[in-house]
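**Q** Structure for this input, please:
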Amino acid sequence: MRVEVAYAKPEKQQIIALDVPEGTTVFEAAELSGIVDEFPEINLDEAKMGLFGKAVRNPKEEVLKPSDRVEIYRPLLIDPKVARANRAAKAAAAKE
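**A** All right, here's what the predicted structure looks like:
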């Protein structure tokens, strides 16, 4: 069955289409895609993964369906709540 594996950085994005056997897991598809060759900083054992923007709790157990897109997520550099608070503080300072 045909699936895709995607990874994105601000300066470079990659979507790899591949055929995998039925019963392939999210993790196995990421391994089979060879995406780590393109982005050696990815540690598949620790990377958060999802399907079409929805996080998968256990990529090693979640079985893919035809046409699924596996997404490998980068670690956040800053907590979204902290980033939002920083933006609000900056906007408030600019108004003064």
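
**Q** Could you check how far the longest helix along the chain is from the centre of its chain?
**A** Longest among the helix segments of the chain by residue count, using DSSP state H, is helix 80-95. Relative to its parent chain, helix 80-95 has a centroid offset of 27 Å by Cα atoms, centre = their mean, to the nearest Å.

**Q** neighbouring contacts of it?
**A** With contacts defined as Cβ atoms under 8 Å, 6 or more residues apart in numbering, helix 80-95 is touched by residue 78. For every residue, glycine as well, the C-beta is placed using N, CA and C.

**Q** before we move on, what about stretch 50-64?
**A** Residues outside stretch 50-64 that contact it (Cβ under 8 Å, 6+ apart): 1, 3, 20, 23-30, 48-49, 68-71, 73.

**Q** one more time with 7 Å, if that's ok
**A** Contacts to stretch 50-64, defined as Cβ atoms under 7 Å, 6 or more residues apart in numbering, come from residues 3, 20, 23-27, 29, 48-49, 68-71, 73.

**Q** Show me the two of the residues you listed that sit farthest apart.
**A** 23 and 73 (23.8 Å; Cβ to Cβ).
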